[in-house]
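[1] structure for this input, please:
(2 chains)
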Amino acid sequence: GAGVSQSPSNKVTEKGKDVELRCDPISGHTALYWYRQSLGQGLEFLIYFQGNSAPDKSGLPSDRFSAERTGGSVSTLTIQRTQQEDSAVYLCASSLARWTSGKGYNEQFFGPGTRLTVL
Amino acid sequence: KNEVEQSPQNLTAQEGEFITINCSYSVGISALHWLQQHPGGGIVSLFMLSSGKKKHGRLIATINIQEKHSSLHITASHPRDSAVYICAVSWNLFRADKLIFGTGTRLQVFP
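    So this is what the prediction gives:
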């Protein structure tokens, strides 16, 4: 089946503009995560959604960042008034917590990422 | 101090060598993940461990909960194993949970 997809694959924007990044998770996965990968910071957690629960927003770096997940599927990460330090690859992942043989598994499947460049 | 630390940061090897990458963490966790990222490529989950040892092909991952340490071993390394290997931790096995990542180990295997 299809994996996690993200769009656009590349986005170049000017400082101060708003951007929207989209993630389509694997069908049926109940959890969706946003991470970002930048040269100076490595991989860092931003936000995750689990079913109908309130999202964990503890990784969002400022109130310019927000995300929503509509219908329990597609998610959009929005960055308002972009700054140069927002330049990074934004990664989406999804997972389906499951039990097999008495053990729990919650493997995350990553999308290809959106490379954001803020000029 | 980072919650998850990896060593070495960079590693070069000749084809066929046995490779070990180490990961130490400073907090109590429920699961440790090993991920692979090829240059210009996406991230792939290799293992998720809560105890003991797992093997998949030439890859072996072990975890020692008491010592808060995990290792990733590659036997009979090959140039196609060249990638960045990332260790990450999480606190839930059965429901969604964020990953906290190490800084990665860049592996290059030469023919």
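
[2] convert stretch B:94-104 to CSV, retaining C-alpha atoms only.
    This file holds the C-alpha atoms of stretch B:94-104, laid out as CSV (Å, rounded to 0.1, in the frame of the first residue of the first chain):
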residue,chain,number,x,y,z
PHE,B,94,0.9,0.9,22.9
ARG,B,95,-0.1,4.4,22.0
ALA,B,96,1.3,7.3,20.1
ASP,B,97,4.3,8.9,21.5
LYS,B,98,6.9,11.4,20.3
LEU,B,99,10.4,10.2,19.5
ILE,B,100,13.5,12.0,21.0
PHE,B,101,16.4,11.5,18.8
GLY,B,102,20.2,11.1,19.1
THR,B,103,22.4,13.1,16.8
GLY,B,104,23.1,10.2,14.5
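
[3] can that stretch be said to contact chain A?
    Yes - judged by Cβ under 8 Å from any Cβ of the partner chain, stretch B:94-104 comes into contact with chain A at B:94-104. C-beta coordinates here come from the backbone N, C-alpha and C atoms, glycine included.

[4] can you list the strands that the helix or strand containing residue A:33 pairs with?
    Here residue A:33, judged by DSSP states H and E, is contained in strand A:31-38. Sheet pairing of strand A:31-38 (DSSP bridges) gives strand A:42-50 (antiparallel), strand A:88-95 (antiparallel).

[5] tell me which of those strands sits most buried.
    Mean neighbour count (mean count of other Cβ atoms under 10 Å in any protein chain shown) peaks for strand A:88-95 among these, with a mean of 24.

[6] list the contacts of that one.
    By Cβ atoms under 8 Å, 6 or more residues apart in numbering or on different chains, the surrounding residues in contact with strand A:88-95 are A:4, A:6, A:21, A:23, A:25-26, A:29-38, A:41, A:43, A:46, A:75, A:77, A:106-111, A:113-116, B:43, B:96.
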